[in-house]
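Chemist: model the following, please.
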Amino acid sequence: MSVGPNRLDNRVFLAPLSGISDVAFRRLARRFGAGLVVSEMVASGEFVKGCDASAMRAMRDGSGTHAVQLAGRDPKWMRQAAERLADLGVDIIDINMGCPAKKVVGGLSGSALMREPDLALRIVEATVAGAGDIPVTLKMRLGWDRASINAPELAARAEAAGVRMITVHGRTRADFYEGKADWPAIAAVRDAVAVPVVANGDLTDFHQLQPMLTSSRADAVMIGRGAQGRPWLPGLLVGRVGLKDLSAIRLSDLVEEHYDMMLAHYGLNVGVRHARKHLGWYLDRFGAGGVEPISAADRASVMAGREPAAIVACLRRLFGDARLSDVEPTFRHDLFRDAA
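Modeler: Residues are numbered from 1 along each chain as shown. Have a look, this model is predicted:
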């Protein structure tokens, strides 16, 4: 599968996740075999104005296809941000029209743009113009609410304006993350366009992969919240890592590496705070895997701690010799018994 000149390794991608898919997380997901990783959302206006935090979100995470997601509602800023990203050598620019967060929608960006299809089209046109030869992709929801499903129409207009791939989360903005993602509804977008379509929403284990592809008729899938605390998940689902691979890696080693990368990227004070959500997800997976319960006191030591060495020591004591395969129950239950 290709997006413009970019030949992707496979068809299981890591979604852009605000505050989550930073350089460290993308680097790990890429190493485990994700076919494409996308940066967390970058506000176009702030990026053009030279905001350091925006520049950090857009940083390259290593070798391979570098995809950055832009957000905004001003075509001028979107074009200028795309121009700047093109000058920096990014490989793909993705437009955010799917984020349901109140802060983003309150600024009339993200999925709020699905209520303004004409403005959405102007944003697409401006971004494509600014990107030049760099392919532009689009991530959206089904619509604003169930009474205004317009993803197929908007996708067709975006394709005509030059978009090269479209990702659809199988919910409306009104759904937020409630209920189940409507994978069959994505098929209407597949019928409306010729460019690749990517299905997103609720993919968390191997059992769901084929039903998601079959019902959506999408060309690829994208994993979002299901990868929290599981940067190996995209590679696991596509078979780039298997039983032997996960069994060979200590959970404590991976978590410490992830933690160290975040501290190096953000600096000590900011890094300790940013890392807490990731450490919490690793603890949740360890506990949910039935390996050993985590006491409230131990969890507090990790989540409220300020001294990295003490936090790492606590994690190593808690995780012991547990391997990644120990916190992936569906994997242990023979789904990949012949893998690797």
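
Chemist: all strands of the stretch 101-250 of the chain, in order?
Modeler: Assigned strands in the stretch 101-250 of the chain, in chain order: 136-141, 165-169, 197-200, 220-223 (criterion: DSSP state E, counting those that start in this stretch).

Chemist: how about low-confidence regions in the stretch 1-150 of the chain?
Modeler: Along the stretch 1-150 of the chain, the parts satisfying pLDDT under 70 run over 105-108.

Chemist: sorry, back to before: out of the strands of the stretch 101-250 of the chain, which one sits most buried?
Modeler: Mean neighbour count (mean count of other CB atoms under 10 Å) peaks for strand 165-169 among those, with a mean of 29. To be clear about C-beta, it is placed using only N, CA and C from the backbone, and glycine gets the same treatment.

Chemist: need the contact list for the closest residue to residue 130 other than its chain neighbours.
Modeler: Distances taken as CB to CB, 6 or more residues apart in numbering place residue 82 nearest to residue 130, at 3.2 Å, with adjacent residues excluded. By CB atoms under 8 Å, 6 or more residues apart in numbering, the residues touching residue 82 are 70, 93, 126, 127, 128, 129, 130, 131, 134, 136.

Chemist: hmm, the third one is touching residue 75, no?
Modeler: Yes - assessed by CB atoms under 8 Å, residue 126 is found in contact with residue 75 at 3.6 Å.

Chemist: the two: which is more packed in?
Modeler: Between residue 126 and residue 75, counted using other CB atoms under 10 Å, the more crowded position is residue 126 (23 against 19).

Chemist: now the farthest one out in the chain, which residue is it?
Modeler: Most distant residue from the mean C-alpha position of the chain: residue 297, 31.5 Å away (CA atoms, centre = their mean).

Chemist: circling back: make CSV from the strands of the stretch 101-250 of the chain and add distance to residue 122 to it.
Modeler: As requested, the strands of the stretch 101-250 of the chain are arranged in CSV below (distance: least, CB to CB, whole Å):
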stretch, distance to residue 122
strand 136-141, 13
strand 165-169, 17
strand 197-200, 23
strand 220-223, 26
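
Chemist: which among the ones you listed is found nearest to residue 210?
Modeler: Among these, the nearest to residue 210 by CB to CB is strand 220-223 (10.2 Å).

Chemist: hang on, the earlier thing: and the residue farthest from the centre of the chain, what element?
Modeler: Element membership for residue 297, per DSSP states H and E: helix 296-303.

Chemist: mind listing what's buried along that helix?
Modeler: In terms of neighbour count (16 or more other CB atoms under 10 Å), helix 296-303 has its buried residues at 299, 301, 302.

Chemist: who does whichever helix or strand comes after it touch, helix- and strand-wise?
Modeler: Moving toward the C-terminus from helix 296-303, the next helix or strand (DSSP H and E) is helix 308-319. If you count contacts as 3 or more CB pairs under 8 Å, 6 or more residues apart in numbering; DSSP states H and E, helix 308-319 packs onto helix 251-266, helix 268-288, helix 296-303.

Chemist: using TSV, please lay out those helices together with mean pLDDT and distance to residue 45.
Modeler: Below are the helices and strands packed on helix 308-319 laid out as TSV (pLDDT from 0 to 100; distance: least, CB to CB, whole Å):
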stretch	mean pLDDT	distance to residue 45
helix 251-266	97	22
helix 268-288	93	22
helix 296-303	94	34
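
Chemist: need the winner for burial among those.
Modeler: Mean neighbour counts for these (mean count of other CB under 10 Å) peak at helix 251-266, with a mean of 19.

Chemist: which residues are contacting that one?
Modeler: With CB under 8 Å, 6+ apart, helix 251-266 has contacts from 22-25, 27-28, 56, 231, 271-272, 274-275, 278-279, 282, 286, 308, 311-312, 315-316, 319-320, 322-324, 326-327.

Chemist: alpha carbons of that helix, as CSV, please.
Modeler: The C-alpha trace of helix 251-266 is given here as CSV (Å, rounded to 0.1, in the frame of the first residue of the first chain):
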residue,chain,number,x,y,z
LEU,A,251,8.1,-5.6,30.6
SER,A,252,10.3,-3.7,33.0
ASP,A,253,13.0,-3.2,30.3
LEU,A,254,10.6,-1.8,27.8
VAL,A,255,8.9,0.5,30.3
GLU,A,256,12.2,1.8,31.5
GLU,A,257,13.3,2.5,28.0
HIS,A,258,10.1,4.3,27.2
TYR,A,259,10.4,6.3,30.4
ASP,A,260,14.0,7.3,29.6
MET,A,261,13.1,8.4,26.1
MET,A,262,10.3,10.6,27.4
LEU,A,263,12.6,12.2,30.0
ALA,A,264,15.3,12.8,27.3
HIS,A,265,12.6,14.3,24.9
TYR,A,266,10.8,16.6,27.3
